[in-house]
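K.L.:
Just need the structure, nothing else, for what follows:
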Amino acid sequence: MRVALMLLLLLAVAAVPGSFFPQRAQDPVAVTRFLEENPATGAVLDSLGFFSVYSSPWFAAVYTLLFISLIGCIVPRIRDHWRALRSDPPRVPSRLGRFPVRAAGTTGLAVDEVHATVLRRLRGRYRARLTPAGITAERGYLRETGNLVFHVALVGILLSFGYGQLATYRGQAIVVEGGSFANSVVDYDSFEAGTLVDQAQLEPFTFTLETLTATFSETGRPQYFGAEVLVNQPGREPYRYTIVPNEPLTAAGTRVYLQGNGYAPRVTVTDGDGEVAFSGPVPFLPQDGVYTSTGVVKVPDVTSGDQLGFAGQLLPTAVDDGTTLRSAHPQAANPVLVLQVWRGDLGLDDGIPQNVYELDTSGMERVSGADGSPLVVLLAPGDTVELPDGLGEVTFDDLPRFAALDLRHDPSLGLLLGTAVAAMLGLMGSLFLPRRRLWVVATAREGGTRVEAAALARGEDAGLAADLASVLGPLELKEDE
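P.N.:
Just a heads-up that it's a prediction; the model follows:
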């Protein structure tokens, strides 16, 4: 057990690097950036698995050893407990008077009647046996049983967790109003899966985000978020479901949670040759309580000339306070898109992953206006602005909302819940079930039977004396004169 506790502590320590360093499964862009900024130390850390801590061989070795240690602790105890269950209660001590919890007196019942009465009182609560020396009884085996159940459940939790890591997949997706999602890897914005998951054979289902409803008070306090979706699953009729926080959609064993929401302004960019180089909604991520949102529009597919990039803010309810333009409320009462314009190389052909919400301007230059100052474009829905230097024009078409969804498929949840409940019940049994022994000796005397009894508990037991008194109560003992 000491080894198991040491390994449990070591497992906690081994998990710490996963909190300090970006993990490749969760944020590959951050890992790539760390390696670029720290080429020497980054290479060493990468070779040691610090960017994939929870799937590294050394982390797996620690929890495998913990698993083996727990089994090595449990098996001998189960064997000993089984033997104890099959053995007789301990023999009656020769001197009951030496125990601190004891009772003695005389009853008018015969010895056989005393034995029958006491055994009847013990039935169902104690494991009792009548011996030539008297009655011996013991209870509390469930205490050790609960302890063993707790440790076996810990092994079950480890197995469930390990199975979950192998058979679970999870991903995130942003879906704009009117857009659809299919449970296929290509539709996820980020996706991670265990070894046992066949990524080409995910459980099929699709849904369309019909409306995203968000209501706020006059002060901007959130009151309700709901994503109404039309779901299609093989073998059943299409149905509608409203996903709200903490009430996910469950489809084909996959839970779909509403994790966030925001606006996705629909933008059309026409290049200098008059060709549409980009058209579609672009999610802008909220940064504060009034949904001041930031985002970028990357336009690599221009017919000729430099690639274009737009970075800026969306103000749902824009107000001018005399010094700056800001948003006063999260609802889109007066939406304004404020964009900076860049030209040059977006860096998308370098093979290095980029964050879709950040614009890499290292190979670009800021576009200037007619007065030579950096150009800032202000757009309301329906507005079109012509860009200088024959770069084309940009149009703010409309302002749909988006839903940020978290999708999880974990077949181990039932096992994990069952083993966790078993561990809790086992722990409660090991803590609260008393371990007690009780002995009763009846000796025939003239005019009645003398009864002497004692009880013993493992550790402090405030209810021991009351328990002994309840067993002896029907005998109506009279104190010895």
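
K.L.:
Could you point out the helix or strand that follows the longest helix seen in the chain?
P.N.:
For the chain, the helix that runs over the most residues, judged by DSSP state H, is helix 57-86. The helix or strand immediately downstream of helix 57-86 is strand 101-107, counting by DSSP states H and E.

K.L.:
which strands and helices sit next to the helix or strand following that next one?
P.N.:
Sequence order places helix 111-122 as the next helix or strand after strand 101-107, per DSSP H and E. Secondary-structure packing of helix 111-122 (3 or more CB pairs under 8 Å, 6 or more residues apart in numbering; DSSP states H and E): strand 127-131, strand 134-139, strand 436-445, strand 448-457, helix 464-472. For glycine as for every other residue, the C-beta is placed from the backbone atoms N, C-alpha and C.

K.L.:
Which neighbouring elements make contact with the last one?
P.N.:
Just to be clear, that refers to helix 464-472. strand 101-107, helix 111-122, strand 436-445, strand 448-457.

K.L.:
now what about the helix-or-strand element of the chain with minimal mean pLDDT, what contacts it?
P.N.:
Within the chain, no helix or strand scores below helix 28-37, which has a mean of 81 by mean pLDDT, DSSP states H and E. Taking CB atoms under 8 Å, 6 or more residues apart in numbering as the criterion, the residues outside helix 28-37 that touch it are Phe21, Pro22, Gln23, Arg24, Gly42, Ala43, Asp46, Phe51, Ile352, Pro353, Gln354, Asn355.

K.L.:
Then stretch 359-374?
P.N.:
Residues from elsewhere that reach stretch 359-374, judged by CB under 8 Å, 6+ apart: 296, 298, 307, 309-311, 340-347, 354, 375-376, 387-389, 391.

K.L.:
ChimeraX command to pick out the buried ones of those?
P.N.:
In ChimeraX, a selection of the buried entries from those looks like this (16 or more other CB atoms under 10 Å):
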select :296,298,307,309,310,311,340,341,342,343,344,345,346,347,354,375,387,391
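
K.L.:
okay, the closest residue to Arg127 other than its chain neighbours: pLDDT?
P.N.:
Nearest residue to Arg127, sequence neighbours excluded (CB to CB, 6 or more residues apart in numbering): Glu138, at 5.5 Å. pLDDT recorded at Glu138 is 91.

K.L.:
ditto for Val16
P.N.:
For Val16, pLDDT reads 88.

K.L.:
Roughly how far does it sit from Gln354?
P.N.:
From Val16 over to Gln354 the distance is 29 Å, taken as CB to CB, to the nearest Å.

K.L.:
just to revisit the earlier point, rebuild the helices and strands packed on helix 464-472 as TSV, extending it with mean pLDDT and distance to Gln165.
P.N.:
Compiled in TSV, the helices and strands packed on helix 464-472 are given as follows (pLDDT from 0 to 100; distance: least, CB to CB, whole Å):
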stretch	mean pLDDT	distance to Gln165
strand 101-107	91	51
helix 111-122	92	49
strand 436-445	91	44
strand 448-457	91	44
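
K.L.:
so which of the ones you listed gets nearest Ala167?
P.N.:
Ranking the helices and strands packed on helix 464-472 by proximity to Ala167 (CB to CB) places strand 436-445 first, at 45.3 Å.

K.L.:
Any buried residues in that closest one, and which?
P.N.:
Arg436, Arg437, Leu438, Trp439, Val440, Val441, Ala442.

K.L.:
in its sheet, what does that strand sit against?
P.N.:
Paired neighbours of strand 436-445 in the sheet (DSSP bridges): strand 134-139 (antiparallel), strand 448-457 (antiparallel).

K.L.:
Okay, now the unreliable bits of the stretch 351-481 of the chain?
P.N.:
The stretch 351-481 of the chain contains residues with pLDDT under 70 at 351-353, 480-481.

K.L.:
With the stretch 101-250 of the chain instead?
P.N.:
For the stretch 101-250 of the chain (pLDDT under 70), the answer is none.

K.L.:
in it, which spans are helices?
P.N.:
Under the criterion DSSP state H, counting those that start in this stretch, helices of the stretch 101-250 of the chain are mapped to 111-122, 141-167.

K.L.:
Take these and write them to TSV, including mean neighbour count and distance to Asp467.
P.N.:
Formatted as TSV, these follow (neighbours: other CB atoms under 10 Å; distance: least, CB to CB, whole Å):
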stretch	mean neighbour count	distance to Asp467
helix 111-122	18	10
helix 141-167	18	15
